[in-house]
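Engineer: fold the following.
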Amino acid sequence: MPPHEPAGRQHSEQQPKAVVYEALTTKSLFFSLQDVQSHMLILRPDALQLEYTRIMMGFLLHRPQPTRIAMIGLGGGSLAKFCYRYLPEAVIEVVEINRHVLALRDTFAIPADDQRFCVHLADGAEFVQATCHKYDVLLADGFDVGGLPEALSTQKYYDDCYQLLQPGGILVANLHGPKAELETVLARIRASFHGCLLLVQDPEATNRIAFAVKDAPQALLSMAGVRRPPAFDEQAWCDLVPSMARVFLASRELARSNATP
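Structural biologist: The predicted model follows:
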């Protein structure tokens with residue numbers, strides 16, 4: 001099935017419509033009143049406003065200069081816009097299943113497709129299974145009105161995520177849901193990535209961010225510190241530093257716990 005025609009999950013015409021709330025200086029994207037999907041400053045559309053998105057950029061501590069990034073879930077495009085602006089050497093491919101979300105692309109100042117940026121209307125689970133490319137980074141942030149979709153949380157899905165990555169490539173998954181469900185998902189990520197898993201809690205919400213590296217089980221235990229990648233915008237990095245510190249400290253704690261007899 002071509003990438004622009006999702007087939008497996010609920011067809012995009014049946015996907016819930018997103019609601020945009022616009023204030024004087026901000027725009028927000030909702031599927032329900034309980035959960036904000038995206039939040040944007042109108043005068044700084046490329047800035048990351050939600051803490052979980054800044055934590056997800058923690059992949060830079062492992063892969064500071066990625067050349068190919070895949071994203072599952074577009075939403076208001078926060079991560080896509082940030083990576084497009086501040087990682088100019090990276091080719092970025094985004095997959096979004098909801099046609100109504102894609103219709104808001106201009107509303108949230110998401111760049112047009114070009115030689116290094118492309119957004120597909122497609123099913124994320126089908127994409128990771130079928131794509132012929134290999135990626136340095138996979139950012140998984142696909143949710144619907146019911147939370148984390150089943151198709152984006154199966155053992156097969158995480159196995160496919162592992163196969164999609166280059167050796168040393170990193171999966172970063174935003175997770176949110178009931179504790180028992182999350183523990184099942186985390187066990188599947190550990191199984192797919194041969195035990196490699198780092199968890200970072202979002203202090204502003206109930207999100208947990210999972211990091212897993214392919215074929216490098218010690219990679220997340222040996223981060224060298226919070227260092228700005230070469231040529232990365234200094235002000236943008238300053239905005240990320242507190243979140244990068246959370247990732248680094250979590251990796252130190254994981255290393256200590258693994259070293260304890």
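
Engineer: switch to C-alpha atoms for all contacts and neighbour counts from now on
Structural biologist: Will do.

Engineer: neighbouring contacts of stretch 206-224?
Structural biologist: Residues from elsewhere that reach stretch 206-224, judged by C-alpha atoms under 8 Å, 6 or more residues apart in numbering: 52, 55-56, 59, 61-62, 162, 165-177, 186, 189-190, 193-202, 248, 251-252, 254-255.

Engineer: give the pairing partners of the lengthiest strand in the chain; include direction for each.
Structural biologist: Counting residues, the longest strand found in the chain (DSSP state E) is strand 165-175. According to DSSP bridges, strand 165-175 has the following sheet partners: strand 135-140 (parallel), strand 208-213 (antiparallel).

Engineer: okay, the last one in CSV with CA atoms only?
Structural biologist: If I follow you right, that is strand 208-213. Provided in CSV are the C-alpha atoms of strand 208-213 (Å, rounded to 0.1, in the frame of the first residue of the first chain):
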residue,chain,number,x,y,z
ARG,A,208,7.6,8.9,30.5
ILE,A,209,10.1,9.1,27.8
ALA,A,210,11.8,5.8,26.8
PHE,A,211,15.2,5.7,25.1
ALA,A,212,16.6,2.5,23.5
VAL,A,213,19.7,2.0,21.3
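
Engineer: ok, which stretches of this structure are strands?
Structural biologist: In the chain, the strands defined using DSSP E lie at 19-22, 26-32, 35-41, 68-72, 91-96, 117-121, 135-140, 165-175, 198-201, 208-213.

Engineer: let me see the mean pLDDT of the fifth one.
Structural biologist: Which is strand 91-96. On average, the pLDDT along strand 91-96 is 97.

Engineer: just the residues contacting stretch 153-169, thanks.
Structural biologist: When contacts are defined by C-alpha under 8 Å, 6+ apart, stretch 153-169 is touched by residues 63, 125, 128-129, 131, 133-138, 151, 171, 185, 188-189, 192-193, 213-216.

Engineer: what do you get if the cut-off is 7 Å, keeping everything else the same?
Structural biologist: 125, 128-129, 134-137, 185, 188-189, 192-193, 213-216 (C-alpha atoms under 7 Å, 6 or more residues apart in numbering).

Engineer: tell me the one of these nearest residue 78?
Structural biologist: Nearest to residue 78 among the contacts of stretch 153-169, counting by C-alpha to C-alpha, is residue 137 at 16.1 Å.

Engineer: what about that closest one, how many neighbours?
Structural biologist: When neighbours are counted by other C-alpha atoms under 10 Å, residue 137 registers 26.

Engineer: look up the closest residue to residue 233, ignoring the ones flanking it.
Structural biologist: Spatial nearest neighbour of residue 233, excluding adjacent residues (C-alpha to C-alpha, 6 or more residues apart in numbering): residue 86 at 6.7 Å.

Engineer: distance of the one you found relative to residue 192?
Structural biologist: 30 Å (C-alpha to C-alpha, to the nearest Å).

Engineer: quick one: which of these two has more around it?
Structural biologist: Of the pair residue 86 and residue 192, residue 192 is the one with more neighbours under other C-alpha under 10 Å, namely 21 against 15.
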